[in-house]
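Colleague: what follows is a predicted protein model with its sequence.
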Amino acid sequence: MAEQPQTLAQFKVMMMKKIRLGILVEEETLAWYKFRPLKSLVDEGKVEVCIAVQRDKKQASNLSRLSKVIPSINQKLFSLLSRNKSSTKRYSIHDLVADGDMPVITSVAHQDKIYDEIEDSVIEKLEAANLDYLVKFGFRTLAGRILSVSKKGILLFRYGDETTQRNGSVLYWQFAEQWENSVVTLHLLNEHLNVDKVVGRGYGSLFYWDYNLTEHKINGVAASILYWYFHKNKIGVERADFTHSINDCPSYEAVQQRTAVKHLASFLKNYTIKTFYKSFYLNQWSIFIGHIDQSIQTYTEILPEKGCFWADPFYIEHDSKRYIFFESLNYKENIGRIEWVELNESYQVINSGPVDLGIRSHLSFPNVFKHDNTIYMIPEAAETKCINLFKAKEFPQKWEKVNELVSGVSAADSAVIEHDGLWYLFTTHGSISTLTMDLELHIYTSDTLESDDWTIHPCSPLKIDVRGSRLAGALFRKNGQLFRTAQDGTIRYGRRVALYLVEELTPTSYQETFVRYIEPNWEADIDRLHTYNVYDQTVVLDVSRDELRFRV
């Protein structure tokens, strides 16, 4: 008899014993992005942290002097001039165990030029703990018996893409050299591997004028990757695109003084230009509308009212009338509201007004759609910490809340689609921190739209990636194929839209393929595009131009 495919219910009941962890640390405290994912996993009963190995403090002091490769003047200036404060909060490792008393072993590791070899007395205690994994938050590169002390290996983070570099202070290099995005990878090392195996990867945002925010974001990515690695092991889901070995590749090593001076000069130049520019210019978002097979250059532009921008457009037709719902943000109030305009056949505005959802917080991304002759809306309302479903009571002005589809999350840009008899909710939200609310792509499933029992998809998060996680509109079909649009936020927010072909969407699987980018390049002064929505054959999108403040 042929093997039957697993159902979502079968995935949910796959239970395993707790995963036993040991941690390698420099001191008895951990930064939030190392502590919180472990604490969450412990509280959920998925892992137990059994033992900690701490580097001898004298060794740690010597190590910090020997391995400090970032010129301190650059790092301090990058941090000082950042708009966000550096996060220094730390948590005791003892809070990872129920009785608050973590067994801690002190190690005086044998050192050569780059390796640490843990002494046999420590190895014996680790072996007695019967560990599934060691998680490396301290020590240098490990060698010797430590590589085989846990059943499945040693997990460690590297800040950077192993295809371009392996060593050196890569977070510094990413920021100083202004890469398109920052990268963090989770590696698995054990005695059976000649090289590391990448088991998790995430792409974060780079902010050229804000080193601290860049660091916070990538630390948030690291926390989410660690958290979801153990979740996916728990339910037996493996991601082929997350698992591959590292080949020989170039390295970024210590920063030479001449290079450091160039980095500092470049940073100060960019910082000054950015600060000056933001003082005189605003991002002015407007809406374009046209036919899906029509060249974007010929679309009709709908300009916002003075003093605000219009973005996140969604188009719908009702009673033979044409409507666009969108976010309207008044520059003085700096709070987004949902508004609508009615268009004639030539796409000229003939009527307009506000949308009453009964929510006073910031609103955007009004995903409006029809189902069973009822018009629904799912707006972004991240401050409410839930994804709300509304239906029109007096269209287009007044709406009433139907249900909270997902609660307890600060979600950005959510949309639903019915596919093969089931409903799928696509959204982005953080797992450990709101720092990744625009980076983690999640799916929830339900038998019915108005249900209060939406279940997270076993493949979630599908990706943690600034290049294509956050939705740029609702999913749509063309020529029998299903497509997803996503925001590419590299270099700057709202850079362009990435188009993906959804090749597989079931309660237990998801596969998509990148098709192309939709670039904001048809007019010289247009520099951003972050929403692309298709309704039947009609497309609405938004673009941004930098306008002098007194003009908007």
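Modeller: Good, I have the coordinates. Numbers count the residues shown, from 1 in each chain.

Colleague: tally up the residues packed near the closest residue to V349 other than its chain neighbours, please.
Modeller: Spatial nearest neighbour of V349, excluding adjacent residues (Cβ to Cβ, 6 or more residues apart in numbering): V341 at 4.8 Å. In short, each C-beta sits where N, CA and C put it, glycine included. Residues within reach of V341, counting by other Cβ atoms under 10 Å, total 22.

Colleague: any figure for the gap between V341 and Y331?
Modeller: As judged by Cβ to Cβ, to the nearest Å, V341 and Y331 stand 19 Å apart.

Colleague: please apply the same query to H457.
Modeller: 38 Å.

Colleague: looking at these two, which is more packed in?
Modeller: H457 (24 against 14).

Colleague: pretty sure that one is touching T506, no?
Modeller: No - look at H457 against T506 with Cβ atoms under 8 Å: they stay out of range, at 9.3 Å.

Colleague: list the buried residues for stretch 271-287?
Modeller: 271, 282-287 (16 or more other Cβ atoms under 10 Å).

Colleague: for stretch 87-97, same thing?
Modeller: So, applying 16+ other Cβ under 10 Å, buried residues of stretch 87-97: 91, 93-97.

Colleague: same check on stretch 536-552?
Modeller: Using 16+ other Cβ under 10 Å as the test for burial, stretch 536-552 gives 538-545, 552.

Colleague: show the average pLDDT along that stretch.
Modeller: Average pLDDT, stretch 536-552: 91.

Colleague: can you tell me how far the residue nearest to the spatial centre of the chain sits from A223?
Modeller: When Cα atoms, centre = their mean is applied to the chain, the residue found nearest the centroid is L439 (1.5 Å). For L439, the distance to A223 equals 11 Å [Cβ to Cβ].

Colleague: now Q111
Modeller: Distance from Q111 to A223, by Cβ to Cβ: 29 Å.

Colleague: which one of the two is surrounded by more residues?
Modeller: Shown here are Q111 and A223; by other Cβ under 10 Å, A223 has more neighbours (28 against 15).

Colleague: next, give phi and psi for the more buried one.
Modeller: phi -60, psi -40 (degrees, to the nearest 10).

Colleague: ok so, going back, out of the buried residues of stretch 536-552, the closest to G160 would be?
Modeller: G160 has its nearest neighbour among the buried residues of stretch 536-552 in S544, at 30.6 Å by Cβ to Cβ.

Colleague: assign a three-state SS to the closest one, would you?
Modeller: strand (DSSP: H, G, I helix; E, B strand; the rest coil).

Colleague: all numbers from here: first residue = 20
Modeller: Right, with 20 as the first residue, what we last looked at is S563.

Colleague: so it sits against R547, correct?
Modeller: Yes - using Cβ under 8 Å, S563 makes contact with R547 at a distance of 3.7 Å.

Colleague: okay, and the common contacts of those two?
Modeller: Each of 302, 304, 513, 539 lies in contact with both S563 and R547 under the rule Cβ atoms under 8 Å, 6 or more residues apart in numbering.

Colleague: and those as TSV, adding distance to Y227?
Modeller: What follows is the shared contacts of S563 and R547, written out as TSV (distance: Cβ to Cβ, whole Å):
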residue	distance to Y227
N302	16
W304	22
G513	16
P539	20
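
Colleague: show me what stretch 276-292 is in contact with.
Modeller: Contacts of stretch 276-292 (Cβ under 8 Å, 6+ apart): 90, 92-93, 96-97, 100, 195-197, 227-228, 274.

Colleague: which one is F97 nearest to, not counting chain neighbours?
Modeller: Excluding its sequence neighbours, the residue lying closest to F97 (Cβ to Cβ, 6+ apart) is Y230, at 3.6 Å.

Colleague: state the phi and psi torsions of that neighbour.
Modeller: According to degrees, to the nearest 10, Y230 has phi -60, psi -40.
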